[in-house]
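Engineer: Could you work out the structure for the sequence below:
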Amino acid sequence: MSLRGKTAIITGSNSGIGLGIARELARAGADIVLNSFTDREEDHALARDIAQETGVAARYVRADMASGADCRALIETAGRCDILVNNAGIQHVAPIEDFAPEKWDAIIAINLSSAFHTTAAALPMMRAAGWGRIVNIASAHGLTASPFKSAYIAAKHGIVGLTKTAALETAEQPITCNAICPGYVLTPLVEAQIPATMEKYGMGREEVIRKVMLERQPSREFATVEQLGGTTVFLCSDAAAQITGTTISVDGGWTAL
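Structural biologist: Below is the predicted model:
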């Protein structure tokens, strides 16, 4: 599954799932553009480390995924986009009546609208190159729901819908668009939810992970960033050329319930 000669842009990729996917794409030979909203030396160091480890070209480009203009500028700055992985995301948990409007707006902007803007900017490049892969990181919550996560679930359902539309608009070209729907992956985003969940249920960390967080994940194991990266590499391969407009669940059986 060599991706040598391809350039992959991964949004929200200076940690967690995005960084894991970037590393697996680089191991498959793709040149890498990392991204987040910060512009620190350690961000650029991540790109240098990937380049040194894999031999591909890698760089970091700062862009705020809450800004449509920044999203489009990221693609333009990269100059080429054969593979687009829309991964950037944030989370906030609250009942609908207590959900801060600014939190709703931020989650919709970063988790959903950013993927529209990057896709709109990348598609002309893919059409000109005669090849392209778009992989949207949705969630098990793009297929089902839980209480207190209204904005996140609305955004992830929206990502699944955007995926289908982009796939239909490119169906007669060698461009595919698919969504990966992970269950729980132990990333900084999930890690940040653990203390509040411990307090809510009066449980210790391991008990909360096993009985609350992974209650809906029948495997009772977190998915890994390497597994998500491997799934992304597969979707970018020739073997997946006729897979488009669909979701692939990496959720330990969550959505089988």
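
Engineer: C-alpha only now, for contacts and for neighbours.
Structural biologist: Noted.

Engineer: Can you spell out the domain ranges of this protein, please?
Structural biologist: Domain ranges of the chain: 7-184+224-252, 186-222, per automatic domain parsing.

Engineer: Now render those domains as TSV, adding distance to residue 1.
Structural biologist: Below are these laid out as TSV (distance: least, C-alpha to C-alpha, whole Å):
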stretch	distance to residue 1
domain 7-184+224-252	6
domain 186-222	26
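
Engineer: Now do the contacts for residue 130.
Structural biologist: By C-alpha atoms under 8 Å, 6 or more residues apart in numbering, the contact set of residue 130 is 173, 174, 175.

Engineer: Quickly name whichever of these is closest to residue 142.
Structural biologist: Nearest to residue 142 out of these is residue 175 (C-alpha to C-alpha; 22.5 Å).

Engineer: what stretches of the stretch 51-200 of the chain score poorly on pLDDT?
Structural biologist: Counting by pLDDT under 70, not a single residue of the stretch 51-200 of the chain qualifies.

Engineer: In it, mark out all the helices, start to finish.
Structural biologist: In the stretch 51-200 of the chain, the helices defined using DSSP state H, counting those that start in this stretch lie at 68-78, 101-108, 114-129, 150-169, 188-191, 194-201.

Engineer: OK, contacts around residue 6?
Structural biologist: Listed by C-alpha under 8 Å, 6+ apart, the contact set of residue 6 reads 29, 30, 31, 81, 82, 83.

Engineer: Just the buried subset of the contacts of residue 130, please.
Structural biologist: Neighbour counting with 16 or more other C-alpha atoms under 10 Å marks residue 175 as buried within those.

Engineer: before we move on, the earlier item: can you tell me which of the domains of the chain is most buried?
Structural biologist: Counting by mean count of other C-alpha atoms under 10 Å, domain 7-184+224-252 has the highest mean neighbour count of the domains of the chain, with a mean of 20.

Engineer: All good on my end, thank you.
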